[in-house]
Structures are given as structure tokens and as C-alpha cells.
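Participant: Okay, predicted coordinates and the sequence, questions at the end:
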Amino acid sequence: AQKITQTQPGMFVQEKEAVTLDCTYDTSDQSYGLFWYKQPSSGEMIFLIYQGSYDEQNATEGRYSLNFQKARKSANLVISASQLGDSAMYFCAMREGRGGGSQGNLIFGKGTKLSVKP
Amino acid sequence: NAGVTQTPKFQVLKTGQSMTLQCAQDMNHEYMSWYRQDPGMGLRLIHYSVGAGITDQGEVPNGYNVSRSTTEDFPLRLLSAAPSQTSVYFCASSYSRGLRSPLHFGNGTRLTVT
């Protein structure tokens, strides 16, 4: 079973609008961390934002915020005021505690390709 | 600050050839890992290391070897290249395996096996 599911292979958004990229995860661990990475067409992997399972507030970093719904096991990335430079692949990833099946390694989803239209 | 440095950036191999992908980090990170990225598959973990002298297998280890003789270096060896190993390879490191510790990635190596 997939531990990280990103159901949107591709999405379009109009410049200056907000967009939500979906991510659901599967773990029986109580302690885990969730990450989002951006991969532009140039290929590098850029860390965007982190949410811990025990964090009481949703994480925010500039125009990025994380809509964390623990009971639903979802950690959706919200990008506000989209810019052309936001066009990229976006990956959701999870790290479980070391007792979890993934041994503390980062497990990635298959990604969502976001295209921002001018 | 160089971060994670991978070489080469591109490589073409013939089936059966061997080669080593180099990875070095200058952040004194304890944890290092290798992923491969294939279209529609996301990133899959090949091998990882939690410190010098310690390595372990990830999700897709077959056909690859690693070693970690120093904290800085974590080379990935392809023993006998196969077309199925055509992929983009990423080396990544983090301070630890702590939950909050993000991975820092190298720029990737695009490998084609003919």
C-alpha cells in the first residue's frame, strides 16, 4: 500500500490565484513528519515546508501553507497568489519515527505537476 | 557553501558496464541517501547511511552497492548496468533522521543505459 498518495498528476492555476495540492498519507505511527518539495524543470529538489504530527498549528512559509488534517491523514499544500515561477513538480513526503516501517527514511509521493497560466 | 555535490551530471553507459556515482556533502550531516526518480514513480530510496561505516538497503537496492568510509562521501556503484537502471539519481543528506530534519538534495545525475 502506498504510504503517500498524491491524486492529482497535473493541475493548472491562473496566475495570482491560490491553489491546493492534495496529499494523503498512511501510517500507524503517532510520531511523524510531513514535507513538501518543489522540483522546477531545471531538476533540483527544493524543500518548501514541514509539518510535525504533534504541531498544534498549521505550518506556514511565506506564500506556502500546509492544511494539516490529522484525523483525515491529509497534508495539503496551499500556494497563495500563484506566480509563473511556481510551475513545477511538487512532492509530498513523510518521515515516520524510527520504529515505523520506513526506518526514519523519507518516503515520497509520485508528485503533482503544477502549471501556472499567465 | 557547496551543500551536496553530485558528479557526473550526465552519463551514458552500455549494458554490462559498471560505474560509480559520486556524492559529497560539506554540512557534516550524519544521514545520507540515494534515490532514483522515474517518470510517474516519484522518488524511490535505493540505499541509505546513518553514519560512517553504516549502510542499509532501501526500497529498490538490487543492482547497486554503497559504502560510507567518511562522513562526507557516499558513492553509489552500479555493478553491471541494465537498461532498467536508466533514471535520474539523487543523493540527499540530512543532519539526522530526526522527524524535523529535511533532506538536502544534490542536483542529480541523469543516467542512460543503452
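Facilitator: Alright, I've got the coordinates. Numbering: from 1, shown residues only, chains lettered A, B, ... in the order given.

Participant: tell me the pLDDT at residue A:1?
Facilitator: Model confidence at residue A:1, expressed as pLDDT, equals 62.

Participant: hang on, I meant residue A:33
Facilitator: 95.

Participant: Quick check: it touching residue B:99?
Facilitator: Yes - using CB atoms under 8 Å, residue A:33 is in contact with residue B:99, at 3.8 Å. (C-beta placed from N, C-alpha, C; glycine too.)

Participant: Could you tell me which residues touch both of those two?
Facilitator: Taking CB atoms under 8 Å, 6 or more residues apart in numbering or on different chains as the criterion, residue A:33 and residue B:99 both touch A:52-53, A:95.

Participant: Which residues are in contact with the residue sitting nearest the centre point of chain B?
Facilitator: What sits nearest the mean C-alpha location of chain B, by CA atoms, centre = their mean, is residue B:34, with 2.8 Å. Taking CB under 8 Å, 6+ apart, we find residue B:34 in contact with B:21, B:23, B:45-48, B:58, B:64, B:66, B:74, B:76, B:89-92.

Participant: Next: residue B:96.
Facilitator: B:30-31.

Participant: element containing it?
Facilitator: Per DSSP states H and E, residue B:96 falls between elements, in no helix or strand.

Participant: ok, so what distance separates it from residue A:57?
Facilitator: 24 Å (CB to CB, to the nearest Å).

Participant: just residue A:86 next, same as before
Facilitator: Counting by CB to CB, the gap from residue A:86 to residue A:57 is 24 Å.

Participant: These two: who's more crowded?
Facilitator: residue A:86 (19 against 8; other CB atoms under 10 Å in any protein chain shown).
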